[in-house]
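Sequence first, then the predicted structure, then my questions.
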Amino acid sequence: AQTVTQSQPEMSVQEAETVTLSCTYDTSESDYYLFWYKQPPSRQMILVIRQEAYKQQNATENRFSVNFQKAAKSFSLKISDSQLGDAAMYFCAYRPDTGNQFYFGTGTSLTVIP
Amino acid sequence: DGGITQSPKYLFRKEGQNVTLSCEQNLNHDAMYWYRQDPGQGLRLIYYSQIVNDFQKGDIAEGYSVSREKKESFPLTVTSAQKNPTAFYLCASSPWDSPYEQYFGPGTRLTVT
């Protein structure tokens, strides 16, 4: 069974500093996709970044980057130069290459301290 | 403007009543999903549909029902058999069999008293 684990229910970071959110997953598949979603207080889910498992290069989107370790089944999100607008709940998600079901972690609540 | 709409944003019902949550998308996506979100539990899958007139149970389907008569629409009915219906409900869609992410609606907060 596929499971996604986020072991940090809450994290905080000083404005302009860097923070890393952790995510691990369990799967027997070799091809899959990983995602980080942001859910601000409005509760609208927003895609932050996507990683294809077959790509060795870590994905980056402006201040957001991932550290994808396929052998360790680890997919952490790094937020650089944190801004007040980054404060949100962050969810890690996994999708196998076959099928359309997504699996979500329980989320990490990020607070940004001015 | 392409996207997913859910209505209403807030919904109140008395215990024992069935209630239907609306979800419409104009993204031409084949797959649609319903999730329930409770504090500390992330997103839990209720039902998903890969094609019109077909749907599969997710992890917590008991007490819920769905239909998929049109590609654009995937309404969720919360029945009186659902023991703890008060929650935030999210609808999502994605293209079929592709690496793309899910797109989410704004959600409906259901309160049953």
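It's in.

contacts, neighbours, all on C-alpha from now
Fine.

Nearest residue to the residue nearest the centre of chain A in space, please, no chain neighbours.
Nearest to the mean C-alpha position of chain A, by CA atoms, centre = their mean, lies A:W36 at 3.4 Å. Residue nearest to A:W36 in three dimensions, not counting chain neighbours: A:C92, with 4.6 Å by CA to CA, 6 or more residues apart in numbering or on different chains.

How about the contacts made by the closest residue to chain A within chain B?
Nearest residue of chain B to chain A (CA to the nearest CA) works out as B:G42 at 3.9 Å. By CA atoms under 8 Å, 6 or more residues apart in numbering or on different chains, the contact list for B:G42 reads A:91, A:104-107.

What parts of chain A come near chain B?
Applying CA under 8 Å from any CA of the partner chain, we find that chain A lies next to chain B at A:9, A:33, A:35, A:43-47, A:50, A:52, A:91, A:97-101, A:104-107.

out of the residues you listed, which are inside strands?
Using DSSP state E, the subset of the residues of chain A next to chain B located in strands is A:33, A:35, A:46-47, A:50, A:52, A:91, A:104.

who wins for neighbours among the contacts of B:G42?
A:G107 (31 neighbours; other CA atoms under 10 Å in any protein chain shown).

Report pLDDT for that residue.
pLDDT for A:G107: 95.

Setting aside sequence neighbours, what's the nearest residue to it?
A:F91 (4.5 Å).

now the one you found, which residues is it bridged with?
Beta-bridge pairing for A:F91 (DSSP bridges): A:Y37.

what's the spacing between the closest residue to chain B within chain A and A:Q83?
Per CA to the nearest CA, A:T106 is where chain A lies closest to chain B, at 3.9 Å. Noted for A:T106: a distance of 23 Å to A:Q83, by CA to CA, to the nearest Å.

same deal with B:K83?
In terms of CA to CA, B:K83 sits 40 Å off from A:Q83.

what about these two, which has more around it?
When neighbours are counted by other CA under 10 Å, B:K83 and A:Q83 differ, and A:Q83 comes out ahead with 19 against 11.

The more buried one against A:E15, yeah?
Yes: using CA atoms under 8 Å, A:Q83 is in contact with A:E15, at 5.5 Å.

what is in contact with the two at once?
Joint contacts of A:Q83 and A:E15 (CA under 8 Å, 6+ apart) are A:V112.

Wait, A:I46 touches A:Y37, no?
Yes: counting by CA under 8 Å, A:I46 touches A:Y37, with 5.4 Å between them.

Looking only at neighbour counts, state which of those two leads.
Per other CA under 10 Å, whichever of A:I46 and A:Y37 has more neighbours is A:Y37, with 22 against 17.

for the residue nearest the centre of chain B, what are its contacts?
Chain B has B:W34 as the residue nearest its centroid, 2.9 Å off, counting by CA atoms, centre = their mean. With contact taken as CA under 8 Å, 6+ apart, B:W34 is in contact with B:45-48, B:76, B:89-92.

and the residues you listed near chain A, which?
B:Y48.

Out of the contacts of B:W34, which comes closest to B:T5?
Proximity of those to B:T5, judged by CA to CA, is greatest for B:C91, which lies at 8.5 Å.
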